[in-house]
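[1] I would like to see how this sequence folds:
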Amino acid sequence: MHFEAPPADRLQQEVTRFLDWANTDHSDPLVLKAGLAHLWFVTLYPFDDGNGRIARAVGDLLLSRADGSPQRFYSVSAQIQRERKAYYDILERTQKGSLDVTGWLSWFLDALLRAVQSAQHTLDAVLAKARFWQRWGATPLNERQTKLLNRLLDGFEGKLTSSKWAAIAKCSADTALRDINELVARGVLRKSGAGGRSTSYEMAD
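    Next up, the predicted model:
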């Protein structure tokens, strides 16, 4: 059995009740209200398409009211998109179950926490990158060095070796090693791990 939305002859009344509650009822904490509004709207399913997107937007609107600020650096909507399978699973269980929405709210609040943590991680990375270039921006660097340093700052997967440098920068192995040694000498990079063919490099700071 798939979820069935309320019948069409009840839709106008139910949507009116929802909008009245969303805009005038202040008995629920706004963070919980955001989760309830998302669930309520997507359960009403008033449109042929786009109900999920609108429900996420409604939830984000109420979270914005909860923050009391015009600026937000996190998005539960984006987090739900990243966790679509888990989202649809909990949504299906809630809509097919009783009127107890505890499980849904628990999942929603956990997703909110993950969204905030993800935004914090992104913000930390952006600030770290800005501080790095504030410190080293006046240092003469060639185009290859700038490109690879930005790759490191953006989260380089694995270990940076001279061979990877050469492949990414599209230069010879000798040129790659020369680029790296210049940065090591200036204190921008340092060696990490074992020597020889296993030598890799990382940010000094």
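
[2] and the longest helix anywhere in the chain, how far out from the chain's middle?
    Among the segments of the chain that qualify as a helix by DSSP state H, the longest is helix 102-136. Here the centre of helix 102-136 is set off from its chain's centre by 7 Å, with Cα atoms, centre = their mean, to the nearest Å.

[3] continuing past that helix, what's the next helix or strand?
    Where DSSP states H and E defines the elements, the next helix or strand beyond helix 102-136 is helix 143-153.

[4] Provide a list of residues in contact with the residue nearest the centre of the chain.
    Nearest to the geometric centre of the chain sits residue 118, at 4.9 Å (Cα atoms, centre = their mean). Contacts for residue 118 were tallied using Cβ atoms under 8 Å, 6 or more residues apart in numbering; they are 74, 79. Every C-beta, even on glycine, is put in place using the N, C-alpha and C of the backbone.

[5] repeat that with 7 Å
    Residues in contact with residue 118 (Cβ atoms under 7 Å, 6 or more residues apart in numbering) are residue 79.

[6] helices of the protein, start to end?
    Assigned helices in the chain, in chain order: 8-24, 30-44, 51-67, 76-82, 84-96, 102-136, 143-153, 162-169, 173-186 (criterion: DSSP H).

[7] need the contact partners of the second one.
    Meaning helix 30-44. Applying Cβ under 7 Å, 6+ apart, the set of residues contacting helix 30-44 from outside is 5-6, 11, 14-15, 18, 22, 28, 51-52, 54-56, 58-59, 62-63, 65-66, 91, 94-95, 101, 104-105, 108-109.

[8] for that helix, what is the distance to the chain centroid?
    Distance of helix 30-44 from its chain centroid, counting by Cα atoms, centre = their mean, is 21 Å.
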